[in-house]
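> Just need the structure, nothing else, for what follows:
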Amino acid sequence: MTQGAQAQDAAGRMPGQIKYIIGNEACERFSFYGMRNILVPFLISSVLLQYLPEGSEREAMAKEVFHSFVIGVYFFPLLGGWLSDRFFGKYNTVLWFSLIYCAGHACLAMFEGNRTGFFTGLFLIALGSGGIKPLVVSFCGDQFDQTNKDKAKVVFDAFYWIINFGSFFASLFAPLLLRHFGPAVAFGVPGVLMFIATVIFWAGRRQYVNVPPSGADPDSFMAVVRTALGPRGRGDGKGGTAIAWTGIAVAALMLALWALQALGVAVPWPEAFGFVITACLALGVLIAAVGVGASLQLERARGLHPDAAVDGVRAVLRILIVFALVTPFWSLFDQKASTWIIQGNAMVIPHDQWWWPSWLVKDAAQMQALNPLLVMLLIPFNNLVLYPALRAMGFQVTALRRMGWGIAFSGVAWIVAGVLQLWIDGGAEVSLTWQALPYLLLTFGEVLVSATALEFAYSQAPHAMKGVIMAFWYLTSTFGSLWVLLTNAGVRNDGFRALIAQSGMSEPAFLMFFFAAFAFVAAAAFALYARRYPMQDNYRVAA
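Numbers count the residues shown, from 1 in each chain. Here you go, the predicted structure:
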């Protein structure tokens, strides 16, 4: 929208174009969670994995496909954000990626029995969904200015609510569509919703405020990092450049070994580590090595870049350590749509109980609807009841403490899930109702971690680095799913299988307790780092 169009909004009024963005988000979230939450049960029973025997092997492959998909969804925000900022702007980037998104849904509906067509659809959805993920919220924020900024909080609250609203109904009804009408309809309906979302977004094109792309920033995060690691003269480095180049070499070696193995060459690289695992490991090594190297030599960039930019990079590097310690949480959280569905399929749905809504809840996958429902209940409960009560008792409810406890609560959720699995393995008929308890604990952990992390990152990163922080935040989910894939690959190892056999537990039960322990270790490490983290306050000064 032009400056003249901006003037049409009276001072202090809600921008009229917001309805298009909110409507788009509601339909898009239904489409995404609708297909995402039926992906694992569809794959387990589909002809796509018929080359595997029914049972644990097919379930493990379904989990691998699901978490590979999640990795893509949370990796592609890097691409969408870069294209938007450098070249096309938010509106054009969202619209074009939305069309890719629609094409992906069409592939799922049309190629339910064709592996190439179906997996192409998953790739397109990951690309489209990930591409728009970092842009829609910020595009919504662009519609406000100093005259009506007080309305922005109302819209952002509505935005978060509508995400969970769409997720709730998608989680509830998509499994019913799959159960009663088959995969073509079950994947087709989310595709129709995504097409409607795109049309709604396009309909507001003449009313939007379109902030032009910023283009190349000479003082961006990567520009400062390159200066810190670049040649500057003898004696002024601290080994950071060597560390960074070592990481780059190791990452390149990983990819080369995978490529050689794919070509049939015998190389010392695990066969179970496919391209997705290898690429994510290489990316992790690259980020860690460049981050450590840059932090050691960051002062070299001072004088060539403004002090604010250099200090901003240092703040981001500190936040990255916090984010890295959060990744185990996502490895537990995202498995509610894979491992917990598989567990739920082995439980008994209590249709004979008067209080069970048999007319609506007919499938274990529908238990996922508890997550968005609980989010909508827990956020106001925490803000209005729990946090004030804790403060009244003298407890400081800091952002880092909330996040650490959130990781720990996710571990408790998985202990409960592990106990349920032991009951199932022992031959007991376990009611699906029991899954409500781990869902409650996991969702409580999610509210403590996810909502708090965005607040924390916003307060710690300078304004110019907030976009970079969002990109790295999405990567925490990518690496969370990486830990799941690595564990899945490890289970194929004879030594790991022997360890599970010695425990006397089934593979699912062992892995549930394993992930619980993983979360507790991460929570302890998080607490240790949080104690010495130098808190900043980078909120904008009031005009």
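> C-alpha from now on. contacts and neighbour counts both.
Noted.
> pLDDT weak spots in the stretch 1-150 of the chain?
1-11 (pLDDT under 70).
> All the helices of it, in order from the start?
Along the stretch 1-150 of the chain, the stretches classed as helices by DSSP state H, counting those that start in this stretch are 3-6, 18-45, 56-75, 77-83, 89-110, 115-132, 136-142.
> Also the stretch 251-400 of the chain?
275-296, 307-333, 339-345, 370-381, 387-392, 399-425.
> circling back to that earlier point, just send the helices of the stretch 1-150 of the chain back as JSON lines, with distance to A457 too.
JSON lines is the format used below for the helices of the stretch 1-150 of the chain (distance: least, CA to CA, whole Å):
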{"stretch": "helix 3-6", "distance to A457": "30"}
{"stretch": "helix 18-45", "distance to A457": "23"}
{"stretch": "helix 56-75", "distance to A457": "17"}
{"stretch": "helix 77-83", "distance to A457": "17"}
{"stretch": "helix 89-110", "distance to A457": "22"}
{"stretch": "helix 115-132", "distance to A457": "20"}
{"stretch": "helix 136-142", "distance to A457": "15"}
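> Ok, which of those comes nearest A519?
Nearest to A519, of all the helices of the stretch 1-150 of the chain, is helix 56-75, at 18.1 Å by CA to CA.
> on that earlier part again, looking at the helices of the stretch 1-150 of the chain, spot the one closest to K362.
The nearest among the helices of the stretch 1-150 of the chain, by CA to CA, is helix 18-45 at 13.5 Å.
> counting contacts, what elements does the closest one pack onto?
Under the contact criterion of 3 or more CA pairs under 8 Å, 6 or more residues apart in numbering; DSSP states H and E, helix 18-45 touches helix 56-75, helix 136-142, helix 152-181, helix 183-203, helix 339-345.
> Name the residues of that helix that come out as buried.
For helix 18-45, a neighbour-count test (16 or more other CA atoms under 10 Å) marks 18, 20-44 as buried.
> Over to stretch 482-501?
Per 16+ other CA under 10 Å, stretch 482-501 contains these buried residues: L482, W483, V484, L485, L486, N488, A489, G490, V491, I500.
> One more: stretch 246-260?
Within stretch 246-260, judged by 16+ other CA under 10 Å, the buried ones are T246, G247, I248, V250, A251, A252, M254, L255, L257, W258, A259.
> Can you pull out the residues in contact with it?
Contacts of stretch 246-260 with the rest of the structure, by CA atoms under 8 Å, 6 or more residues apart in numbering, involve 266-269, 273-275, 278-279, 281-283, 285-286, 288-290.
> Show the buried residues in those residues.
F273, G274, T278, A279, L281, A282, L283, V285, L286, A288, A289, V290.
> Give the full set of residues in contact with the fourth one.
Residues near A279 by CA under 8 Å, 6+ apart: M254, L255.
> Distance-wise, check it relative to V326.
The gap separating A279 from V326 is 20 Å, by CA to CA, to the nearest Å.
> Please apply the same query to V250.
24 Å.
> and if you look at G34?
Counting by CA to CA - G34 and V326 are separated by 26 Å.
> Excluding covalently adjacent residues, which one is nearest to D85?
Spatial nearest neighbour of D85, excluding adjacent residues (CA to CA, 6 or more residues apart in numbering): P213 at 4.7 Å.
> For the closest residue to M505 other than its chain neighbours, which residues are in contact?
Nearest residue to M505, sequence neighbours excluded (CA to CA, 6+ apart): L422, at 7.6 Å. Taking CA under 8 Å, 6+ apart, we find L422 in contact with M505, S506, A509.
> Please apply the same query to A266.
L260.
> Tell me the one of the buried residues of stretch 482-501 nearest P231?
With CA to CA as the yardstick, the closest approach to P231 among the buried residues of stretch 482-501 comes from L482, at 34.4 Å.
> Low-confidence stretches in the protein?
Those would be 1-11, 153, 232-237, 454, 458, 537-543, if you go by pLDDT under 70 across the chain.
> Geometric centre of it: which residue is closest?
By CA atoms, centre = their mean, the chain has its centre lying nearest to S477, at 3.8 Å.
> is it true that that one lies in a strand?
No - S477 is assigned helix when assessed by DSSP: H, G, I helix; E, B strand; the rest coil, not a strand.
> Tell me if I'm right that it and L325 touch.
No - using CA atoms under 8 Å, S477 makes no contact with L325, being 11.6 Å away.
> can you count the residues close to F111?
17 (other CA atoms under 10 Å).
> ugh, wrong one, R206
Neighbour number of R206 under other CA under 10 Å is 12.
> which phi and psi does it have?
Torsion angles at R206 (phi, psi; degrees, to the nearest 10) stand at phi -80, psi -10.
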